[in-house]
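**Q** give me the fold of what follows.
(chains A and B)
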2 protein chains.
Amino acid sequence: MHATVSFDRNLPLVALNEKGQRTFFDATLDPSNPAMYASPMSIMLQSLAACSMMDIISILGKMRKEVIALDADLDAERAEKHPKVFTSIHVRFKLRSSNCSQAEFDKATGLSMNKYCSVAAMLKASGCKLSWDLEIIAD
Amino acid sequence: MHATVSFDRNLPLVALNEKGQRTFFDATLDPSNPAMYASPMSIMLQSLAACSMMDIISILGKMRKEVIALDADLDAERAEKHPKVFTSIHVRFKLRSSNCSQAEFDKATGLSMNKYCSVAAMLKASGCKLSWDLEIIAD
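**A** Numbering: from 1, shown residues only, chains lettered A, B, ... in the order given. Below is the predicted model of the structure:
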């Protein structure tokens, strides 16, 4: 996997991968002038939910379960000292579906977080504690 | 640190953090219809360079070194088996500057990759091998 991240006199940083897809990374250097894009650590945190949600959507699809909407709320704690790693992350997954039970949602989420999700596996291996809970909104 | 990532019937996933900053995550489900945005793992890889580049820009600024441009080329290897973690990542940092020596660039990059960069610290702790080299383009 390849990517290039570029700084050209000004933020944001522009990332470009081998498929020509762009991502922007920013930082607030001046409090009166907020950044337009999120910070690298904020985006790394989001990558966890995004990676797992791609799995969950795919697994529920194979189980013939409807996914009208799926949201993940992430809350992360960081170490106080540099390099200020994430020490724990909690994810609340919220599914809107007409035909998915709590047990089926739990199975799909567990398969992702415990087996398939690359970001979750790396964060866990780094020593970060991952936890999650689930909510289904029947539709 | 807080964020929400949302799926609403269609990709891309939209991430929104507590500062109102948005990031998009995508996946190519149909090869004839390429994704507009990058995948979670592609973006996690980019987060490494982005996090480190924010440090390097800041450290060189404190050293009164000019940063006309800074680029990072990332090459990552992944495990073949699920969860397909990154096993090694090499970063080539390229700086355009009129007054920064190789030794000064090396010092700033080392401080980031070995001490300050949160993403680098987490990836290393996960067991991923990180390496980097440097190139200066005098201006």
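**Q** pull the longest strand from chain A.
**A** Assignment by DSSP state E gives strand A:86-97 as the longest strand of chain A.
**Q** so what does that one touch, helix or strand wise?
**A** helix A:40-62, strand A:69-78, helix A:102-111, strand A:129-138 (3 or more Cβ pairs under 8 Å, 6 or more residues apart in numbering or on different chains; DSSP states H and E). C-beta coordinates here come from the backbone N, C-alpha and C atoms, glycine included.
**Q** highest mean neighbour count out of those?
**A** Most buried of the helices and strands packed on strand A:86-97, by mean neighbour count (mean count of other Cβ atoms under 10 Å in any protein chain shown): helix A:40-62, with a mean of 25.
**Q** okay, angle between it and strand A:129-138 too, please.
**A** 50 degrees (axes from the mean of the first three to the mean of the last three Cα atoms, to 10 degrees).
**Q** now check helix A:40-62, is it near chain B?
**A** Yes: Helix A:40-62 is in contact with chain B by Cβ under 8 Å from any Cβ of the partner chain, via A:40-51, A:53-54, A:57.
**Q** wait, doesn't A:Lys124 sit right on A:Leu130?
**A** Yes: contact criterion Cβ atoms under 8 Å: A:Lys124 and A:Leu130 qualify, at 5.6 Å.
**Q** between those two, what contacts are shared?
**A** Common contact partners of A:Lys124 and A:Leu130 (Cβ atoms under 8 Å, 6 or more residues apart in numbering or on different chains): none.
**Q** follow-up on the earlier one: which parts of the longest strand of chain A are buried?
**A** Residues of strand A:86-97 classed as buried by neighbour count (16 or more other Cβ atoms under 10 Å in any protein chain shown): A:86, A:89, A:91-97.
**Q** same check, this time on stretch A:21-31
**A** Neighbour-count burial for stretch A:21-31 flags A:21, A:23-27 (criterion: 16+ other Cβ under 10 Å).
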